[in-house]
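> Sequence plus the predicted model coming up.
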Amino acid sequence: MLKEERQAYIIHQINIHNKVLSSDLSVQLNVSEDTIRRDLNELAESGQVLKVYGGALSKSFHYPFQDNQVYAKEAKKEIASKAISLIQSGMTVLVGGGTSMIELARLMPKDIQCTFFTISPLVALELAEKENLEVILLGGHLSRNTNIVSGSQVINALSEIRVDLCLLGTNSLSVEEGITDSDWEVVQIKKAMIKCSKKLGVLSIVEKLNSNQKMRVAPLRDINYLVTDLDPKHPSLKEFSSQITVI
């Protein structure tokens, strides 16, 4: 594989999953980690990715207010619009972070009055623009890599609340493994979020489906709703729709 092809693959994986690890890319591309590190350094120097220890981050995930940087923005708007149909006045809703959640916050209508808990300062800022919503930002250690709060303080706070609906973005989702991620702290926070929720909705662009990361968050059976940018009857969603509600 030529360097240009290798780097195009890396950028695509970062756009889809928001984050990549050098060790994983080395296996996927059958090259040394030194080669991957050089590729990531070049991509970072050209402003296409953000280099971090052990891998790289998507610029759209790290700087979500720069609309020209957001990957699959129209698809995420479609997902957010569908997800809002799950929210009704009087509900208590817990939401995660990420660009799809920011789009959901921006699209929240003025005629729905409910309470939002969130682990994302960026999502909280968007929700706070809506006078009809009560917004509670959970406190904790702010991760520079994910722009969400994490740690034992957040997990303790989540153990003391009970919400009607939890809406999460996902790094990867498959029928076999369910929700998976590559970040240990994110996995622990998401598990705590799911545990305190009566129902769970997962928001995902179709490119993240049928992929797996190293750590499991929850099996598919724990999901009540899967919200994607495709028509629910699309053939590629058949395996999911046979087990959970696809919107």
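Sure, I can see it.
> all contacts plus neighbour counts: C-alpha atoms, from now on.
OK.
> so what's the nearest residue to residue 112 once chain neighbours are set aside up against?
Nearest in space to residue 112, with sequence neighbours left out and distances taken as C-alpha to C-alpha, 6 or more residues apart in numbering, is residue 89 at 4.8 Å. Residues in contact with residue 89, defined by C-alpha atoms under 8 Å, 6 or more residues apart in numbering, are 112, 113, 114.
> Tell me which entries of the residues you listed lie within strands.
Members of the contacts of residue 89 lying in strands (criterion: DSSP state E): residue 114.
> Counting neighbours, which of the contacts of residue 89 comes out on top?
The member of these that has the most neighbours, counting by other C-alpha atoms under 10 Å, is residue 113 with 19 neighbours.
> In this protein, mark out all the helices, start to finish.
Read by DSSP state H, the chain holds these helices, from start to end of the chain: 3-17, 22-29, 33-45, 59-62, 73-84, 99-107, 121-127, 152-158, 184-195, 238-241.
> Between those, which has the poorest mean confidence score?
Least confidently modelled of the helices of the chain is helix 59-62, at a mean of 65 by mean pLDDT.
> and the residue nearest in space to the middle of the chain, what is it in contact with?
What sits nearest the mean C-alpha location of the chain, by C-alpha atoms, centre = their mean, is residue 169, with 3.1 Å. Shown here is residue 169, whose contacts under the criterion C-alpha under 8 Å, 6+ apart are 96, 97, 98, 100, 101, 202, 203, 204.
> make it 7 Å
Neighbouring residues of residue 169 by C-alpha atoms under 7 Å, 6 or more residues apart in numbering: 96, 98, 202, 203, 204.
> Ignoring the adjacent residues along the chain, who's closest to the last one?
Just to be clear, that refers to residue 204. With C-alpha to C-alpha, 6+ apart as the measure, residue 228 is the residue that lies nearest to residue 204, at 5.2 Å, once sequence neighbours are left out.
> How about the contacts made by the one you found?
Taking C-alpha under 7 Å, 6+ apart as the test, what residue 228 contacts is 79, 203, 204, 205, 206, 247.
> follow-up on the earlier one: between the contacts of residue 169, which sits nearest residue 219?
Looking at the contacts of residue 169 and their distance to residue 219, the nearest is residue 202, at 12.0 Å (C-alpha to C-alpha).
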